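A.B. asks: Predicted model and sequence below, questions to follow.
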Amino acid sequence: MALWWLGNLVLLFVVVPVVLLLLNRLLRQIMEINAYANDILEHGVGITAALDSVPKLVRTRELAGTAHGAAGRYVGALQRIL
């Protein structure tokens, strides 16, 4: 009977604190991963918002090419006049 009580005391004063210590360390790591995941999500949404205007850049490039050609023709006409 005394051995049974000794086993219960070891379980209570050794095993349970070790399990709680390991669980605490695990939960800290999980919370850190959660913070990193939230940070990644926040900045990913910010990058997506910044990339919304990329299709407009294609149109701007087309218009700039058109303007460059028109300006070249204008300068050529001016040179012929002078």
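C.D. replies: Okay, I see it.
A.B. asks: Checking R61 next. Helix, strand or coil?
C.D. replies: What DSSP: H, G, I helix; E, B strand; the rest coil gives for R61 is helix.
A.B. asks: Output the contacting helices and strands for the helix ranked longest in the chain.
C.D. replies: The longest helix of the chain (DSSP state H) is helix 16-50. Packing contacts for helix 16-50, counted by 3 or more C-beta pairs under 8 Å, 6 or more residues apart in numbering; DSSP states H and E, involve no helix or strand. C-betas here are computed from N, CA, C, even on glycine.
A.B. asks: how many neighbours does L26 have?
C.D. replies: By other C-beta atoms under 10 Å, 10 other residues sit near L26.
A.B. asks: can you pull the pLDDT of it?
C.D. replies: Here, the pLDDT recorded for L26 equals 98.
A.B. asks: again, but for T48
C.D. replies: On pLDDT, T48 comes in at 86.
A.B. asks: Count the neighbours of it for me.
C.D. replies: Neighbour count of T48, defined by other C-beta under 10 Å: 9.
A.B. asks: And the pLDDT at G44?
C.D. replies: Per the predicted model, pLDDT is 90 at G44.
A.B. asks: Okay, angle between the worst-scoring helix or strand of the chain on mean pLDDT and helix 16-50 too, please.
C.D. replies: The weakest-scoring helix or strand in the chain, judged by mean pLDDT, DSSP states H and E, is helix 2-10 (a mean of 80). Helix 2-10 and helix 16-50 are oriented at 30 degrees to each other (axes from the mean of the first three to the mean of the last three C-alpha atoms, to 10 degrees).
A.B. asks: could I have helix 2-10 exported to CSV, CA atoms only?
C.D. replies: Below are the C-alpha coordinates for helix 2-10, written out as CSV (Å, rounded to 0.1, in the frame of the first residue of the first chain):
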residue,chain,number,x,y,z
ALA,A,2,2.9,2.4,0.8
LEU,A,3,4.3,1.8,-2.7
TRP,A,4,1.0,2.9,-4.2
TRP,A,5,1.1,6.1,-2.3
LEU,A,6,4.7,6.7,-3.3
GLY,A,7,3.7,6.3,-6.9
ASN,A,8,0.9,8.8,-6.5
LEU,A,9,3.3,11.3,-4.9
VAL,A,10,5.8,10.9,-7.7
